[in-house]
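Q: Got a sequence here, can you build the structure:
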Amino acid sequence: MDKASRREAMALFQEKEAFRSALTRLPEAGFSASDVAFLMFDQTLNNWFPDCYVAAPQPAGSPEVCAVIYTAAANADEPEVAVAPRLFRVASLAQAGTLVATEGAFAAAIAAAEASGKGQDLLCEQLGHFIEKRHLTTIRERLARGSALLCVHTADEEAERTAVALLREEGGQEVMVFSLPSGRLGGATAETDEARDIVDEASIQSFPASDPPSFIAGRDR
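A: Numbering: from 1, shown residues only. This next block holds a predicted model:
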């Protein structure tokens, strides 16, 4: 695997309880919290987890890409909080709202496109370098309808098979595996400059032509 890339297994979840069940099982299957990431719109977050997160104080003006906009509520003890004690703003989509995420290569790639000024929704050319348009269309449409995207870093083929099987067993839909730029949001803090530096690092990574993304829903490994 190219050192500049990071493999992530992804699945869309329409139901909150299935999503939570997958989050609970992933550590039991050997994945650490840093291997797991999720994305959803802020409306979905507030509908699914109204007592788990609170809005973080924001400076005046337009919100910055990678600003921490949600933090875990006091005494919140849920699987999503264990994975994501804070959530970043990674994009804003017209008629859908603010897309929030924890760590993860896919979130970093979205944020990099947004920060570059070339975001233009998830179907922008920058994201299209490493994920086909039809997959981005599915992800965008399903997120906008209230689903959540769960991403799992897979360090090798065995981890990939484990993650894919688990996501399917828990009701994940449109299970996908992609090679993505290795930039991440996890080291970012609320300070804008540090967050922007991490986005810039993600944006300069190149997708390895020898390792194109693979869509594996329904494919036996």
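Q: If you rank every helix and strand of this protein by mean pLDDT, what lands last?
A: Sorted by mean pLDDT, DSSP states H and E, the helices and strands of the chain end with helix 192-203, the least confident at a mean of 38.
Q: Next, work out how far apart residue 52 and residue 9 are.
A: Plainly put, residue 52 is 24 Å away from residue 9 if you go by C-beta to C-beta, to the nearest Å. C-beta: built from backbone N, CA, C; applies to glycine.
Q: those helices in the protein, which residues are they?
A: Using DSSP state H, the helices of the chain run over 16-28, 42-48, 79-83, 105-115, 125-128, 133-144, 157-169, 192-203.
Q: Quick check: which of those helices is buried the most?
A: Highest mean neighbour count of the helices of the chain: helix 105-115, a mean of 27 (counted as mean count of other C-beta atoms under 10 Å).
Q: list the helices and strands that helix packs on?
A: Judged by 3 or more C-beta pairs under 8 Å, 6 or more residues apart in numbering; DSSP states H and E, the packing partners of helix 105-115 are strand 5-13, strand 36-41, strand 86-93, strand 97-101, helix 125-128, strand 148-153, strand 173-181, helix 192-203.
Q: ok and that helix relative to strand 5-13, angle-wise?
A: On the basis of axes from the mean of the first three to the mean of the last three C-alpha atoms, to 10 degrees, helix 105-115 is oriented at 100 degrees to strand 5-13.
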